[in-house]
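Asks: build me a structure from this.
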Amino acid sequence: LQGVDVAIAPTPRGPIGHRASMFNGLGDSITKQARNPEAAAKWVAFLGSAAAQEIVGRAGIVFPARRSGTDAAVAAFRERGLDVTAFTEQVADGTTFLFPVTRNPADVQALVQPAFDDIYANGKPVSSLTGVNQQVNTLLALT
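Replies: The predicted model follows:
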């Protein structure tokens, strides 16, 4: 917005003594129903190339996976007056982590999401997660 000063703050340091942020990314793939799988493969290969990542980076919307694309994104954000160091320092500091992979993810999500919503939106105590954790452990033990 015009006339509004905007800044990005880093995530807080948690009880483990440093920041942590889940790493997010996209994986380009080809559906087996593709009418032209060879052309789709070329497109996917291009999307992962430095050239494509730099195009995305210059748009200043996301941080591409390749360093040159991320550098282009940082420059694009800077041109708009946004300092995105809060994001890039987490990568430099190695405080990002991958999305957890688990069995029965939909069932785990069905248990965990409402519990977190209750904490964030309704002020329920964090200790309420103990029971949810037990339910998740029971679910995972069954499979």
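Asks: so what's residue 97 up against?
Replies: 20, 21, 22, 23 (CB atoms under 8 Å, 6 or more residues apart in numbering). All C-beta atoms are positioned from the backbone trio N, CA, C, and that covers glycine.
Asks: hmm, 7 Å instead?
Replies: Residue 97 makes contacts with 20, 22, 23, as judged by CB atoms under 7 Å, 6 or more residues apart in numbering.
Asks: for it, give its distance to residue 110.
Replies: Noted for residue 97: a distance of 23 Å to residue 110, by CB to CB, to the nearest Å.
Asks: what's the answer for residue 59, then?
Replies: Residue 59 is 36 Å from residue 110, by CB to CB.
Asks: surely residue 65 and residue 56 touch.
Replies: No - if you go by CB atoms under 7 Å, residue 65 and residue 56 don't touch, sitting 9.4 Å apart.
Asks: those two: which has the busier surroundings?
Replies: Applying other CB atoms under 10 Å to residue 65 and residue 56 shows that residue 56 carries more neighbours, namely 20 against 14.
Asks: for the closest residue to the more buried one other than its chain neighbours, list the residues it contacts.
Replies: Distance criterion CB to CB, 6 or more residues apart in numbering; nearest residue to residue 56, sequence neighbours excluded, is residue 64 at 4.9 Å. Neighbouring residues of residue 64 by CB under 7 Å, 6+ apart: 53, 56, 57, 70, 73.
Asks: now do the SS call for the spatially most central residue of the chain.
Replies: With distances taken as CA atoms, centre = their mean, the residue of the chain nearest its centroid is residue 24 (2.4 Å). Under the three-state scheme (DSSP: H, G, I helix; E, B strand; the rest coil), residue 24 adopts coil.
Asks: please renumber so the chain begins at 728
Replies: Got it, the first residue is 728 from now on, which makes the last one we talked about residue 751.
Asks: lovely, talk soon.
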